[in-house]
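Pasting a predicted model and its sequence here:
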Amino acid sequence: MALIDPGKKAPAFSLKDQDGKVHKLADYAGQPVVIYFYPKDDTPGCTKESCEFRDNLPRFKKSKAAIFGMSILDEKSKKKFADKFDLNFPLLADADHAVAEKYGVWQEKSLYGRKFMGIVRTTYFIGADGKVAKRWDNVKVDGHAEEVLAAVQALS
């Protein structure tokens, strides 16, 4: 599936976090939501990105925005990752990559000439109306959380 363009309705989902709690996008209706899709738990880039969101969480909360990290590994992996880096927001386990597919971030990747399917680092900001307000493609980790925060503050 293709990436979801700004102005389009965000696809629904229902996934468990690192503590086994189920999160549905519908539960956050009327509230801004940030979903950052990352390739894998506890890898250098994904750790840095997650820690930047963790460090900016109080500022996101002032804008009443919910933050979710999402990747394909299971809840056990998410729990280990969250505990190791004190990640105090939901990390959603999309183990069958169904949600990643709906959001268009499950794509063919290439590493050292080998092709495989995986998550392309992408962030979605979903407005209180349930529509995609902004999307960041091929995210560069450094300073990304600050960039997302600025957009949330400007558009909320």
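Perfect, thanks for sending it.

And the spatially most central residue of the chain, which helix or strand is it part of?
Averaging the C-alpha coordinates of the chain gives a centre point, and the residue nearest to it by C-alpha atoms, centre = their mean is residue 36 (2.1 Å). Element membership for residue 36 (DSSP states H and E) is strand 33-37.

Now the residue nearest to the centre of the chain: closest residue in space that isn't a chain neighbour?
Setting aside the residues directly before and after it, residue 36 is nearest to residue 123 in space (C-beta to C-beta, 6 or more residues apart in numbering), at 4.3 Å. Where you see a C-beta, it was placed from the backbone N, CA and C, and this is true even at glycine.

which element follows the helix or strand harbouring that neighbour toward the C-terminus?
Here residue 123 sits within strand 122-126, counting by DSSP H and E. Next along the chain after strand 122-126, taking DSSP H and E as the criterion, comes strand 132-136.

Leaving out the residues flanking it, which one is nearest to residue 52?
With C-beta to C-beta, 6+ apart as the measure, residue 145 is the residue that lies nearest to residue 52, at 3.7 Å, once sequence neighbours are left out.

Across the sheet, point out what pairs with the residue nearest to residue 36.
residue 36, residue 136 (DSSP bridges).

all helices for the chain, in order.
Taking DSSP state H, the helices of the chain run over residues 44-62, 75-85, 98-102, 144-155.

export those helices to a markdown table and tack on mean neighbour count?
What follows is those, written out as a markdown table (neighbours: other C-beta atoms under 10 Å):
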| stretch | mean neighbour count |
| --- | --- |
| helix 44-62 | 16 |
| helix 75-85 | 17 |
| helix 98-102 | 18 |
| helix 144-155 | 17 |
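
so can I have a markdown table of these showing distance to residue 5 and mean pLDDT?
As requested, those are arranged in a markdown table below (distance: least, C-beta to C-beta, whole Å; pLDDT from 0 to 100):
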| stretch | distance to residue 5 | mean pLDDT |
| --- | --- | --- |
| helix 44-62 | 23 | 95 |
| helix 75-85 | 28 | 97 |
| helix 98-102 | 14 | 97 |
| helix 144-155 | 16 | 93 |
